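Enquirer: show me how the following folds:
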Amino acid sequence: MTRILRYSTISTGMALLLANIAIAEQLYWAGHAGSNKIQRSNLDGSNVQDVIPGGIGEPFGIAIDYPSDQMYFTNANGGVIRRAELDGSNIQTYPSGGDARGIAVDTTNGKRYWTVITSDSIVRSNLDGSSQESLITTGLSSPLGIALDASQGKMYWVDTDTNKIERSDVDGSNRQAIITTGLSRPGAIDLDLSAGKIYFTNRSPGTIERANLDGSNRELLVSVAVDDMWGIAVDQGHQKVYWTTFNGGTIESANLDGSGHVQVLSGLGHLADIAIVPEPSTLVLAAFGLILLGVLAKCRTRRV
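Expert: Numbers count the residues shown, from 1 in each chain. As a prediction, this is how the structure comes out:
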């Protein structure tokens, strides 16, 4: 007869794994300067939740380690970086070496990168906080947002007071200023690697722009009558870009070409960075589906 117990155990385990992969997409953001909490919602702004309601100083930058279902966030003026589960549990604290602001994680190579405005530097460590090292320590003035192209071994960042966007190899070598004119206190940066684009905010006046990864073909996407556009996150799956306003307390979005500008949420207090739990890869789901079919086929034919 068919080995039912083995079949049931494997199929249940695979179903649970697939359910974990198919986690709903959500926005996560850092409430700053009075709010001082981590919140999340669905992409349309529904179901707002306090993930970490307080006790974490002034969170600023936020990054998602989706494969591990964890988030990392910096603590402005606190000299620490924190890691927690996506539900806010199991908070761990690590020294950051100063007033940390932007943060990005490389889950493939087990690294995290962040900017420090007190020392005007870019720093990295292992995800567990070990092997901390300063990568860039000269020519910066208030570096804020940072983003990674791990597949190409590149990091990108904005330098607010010098009004520049730069990139380098992830070890800090081969540094290159890619945008040096026409910026107005840039605050945050994110990448659309599928299209070879950088997206970034200007804080005064408030604009969203994009350009090629080398800084060419720059485009103005959104311009609004505020001077505090801050965090930014690209949703490649839905071809959207989301951003926060610091003083306005809003989360807003547009299509990647700047059309369809809408306000997603308001009344959130002072906001800093924003991140997205990404859409599960259909290729990954398909691969697991094929594995599941193969396992089930073997189990059906196995006899005792």
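Enquirer: and stretch 67-76, what's buried?
Expert: Using 16 or more other CB atoms under 10 Å as the test for burial, stretch 67-76 gives 70-76. C-beta here means a position set from N, CA and C on the backbone, and glycine is covered the same way.
Enquirer: looking at those residues, which gets the smallest pLDDT?
Expert: Of all the buried residues of stretch 67-76, Ala76 carries the smallest pLDDT score, 86.
Enquirer: in terms of contact, does it touch Gly98 like I think?
Expert: No - using CB atoms under 8 Å, Ala76 is not in contact with Gly98, being 10.4 Å away.
Enquirer: that older thread, tell me the one of the buried residues of stretch 67-76 nearest Tyr28?
Expert: Met71 (6.2 Å; CB to CB).
Enquirer: what residues are up against the closest one?
Expert: By CB atoms under 8 Å, 6 or more residues apart in numbering, Met71 lies in contact with 28, 38, 62-65, 83-86, 275.
Enquirer: that one bridge partners, please.
Expert: With DSSP bridges applied, Met71 shows beta-bridge pairing to Ile64, Ala84.
Enquirer: and for the one 5 residues further on?
Expert: Taking DSSP bridges, one finds Glu58 as the beta-bridge partners of Ala76.
Enquirer: what's the following helix or strand after the helix or strand of the chain with the lowest mean pLDDT?
Expert: Least confident helix or strand, the chain: helix 4-21 with a mean of 38, by mean pLDDT, DSSP states H and E. As assigned by DSSP states H and E, the chain's next helix or strand after helix 4-21 is strand 26-31.
Enquirer: average pLDDT across that next one?
Expert: Mean predicted confidence for strand 26-31 is 97.
Enquirer: just stretch 106-115 next, same as before
Expert: For stretch 106-115, the per-residue pLDDT averages 97.
Enquirer: run the chain-centre distance for it.
Expert: Remark: stretch 106-115 is offset 11 Å from the chain centroid, using CA atoms, centre = their mean, to the nearest Å.
Enquirer: first-to-last residue distance for it?
Expert: Length of stretch 106-115, first residue to last, CA to CA, to the nearest Å: 15 Å.
Enquirer: who touches it?
Expert: Stretch 106-115 has contacts (CB under 8 Å, 6+ apart) with 61, 63, 65-68, 72, 74, 81, 96, 100-105, 121-127, 135, 143-146, 148, 150, 155, 157, 170.
Enquirer: same thing but 7 Å
Expert: Contacts to stretch 106-115, defined as CB atoms under 7 Å, 6 or more residues apart in numbering, come from residues 61, 65, 67-68, 72, 74, 81, 96, 100-105, 122-127, 143-144, 146, 148, 150, 155, 157.
Enquirer: could I get the buried residue list for it?
Expert: Neighbour-count burial for stretch 106-115, counted by 16+ other CB under 10 Å, picks out 106-107, 111-115.
Enquirer: circling back to that earlier point, turn the buried residues of stretch 67-76 into a markdown table, columns for distance to Arg185.
Expert: Below are these laid out as a markdown table (distance: CB to CB, whole Å):
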| residue | distance to Arg185 |
| --- | --- |
| Gln70 | 31 |
| Met71 | 26 |
| Tyr72 | 25 |
| Phe73 | 22 |
| Thr74 | 19 |
| Asn75 | 22 |
| Ala76 | 17 |
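Enquirer: next up, the contacts around Gln92.
Expert: 82-83.
Enquirer: what's opposite it in the beta bridge?
Expert: Beta-bridge partners recorded for Gln92 (DSSP bridges): Arg83.
Enquirer: ditto for Phe200
Expert: Beta-bridge partners for Phe200, by DSSP bridges, are Ile189, Glu209.
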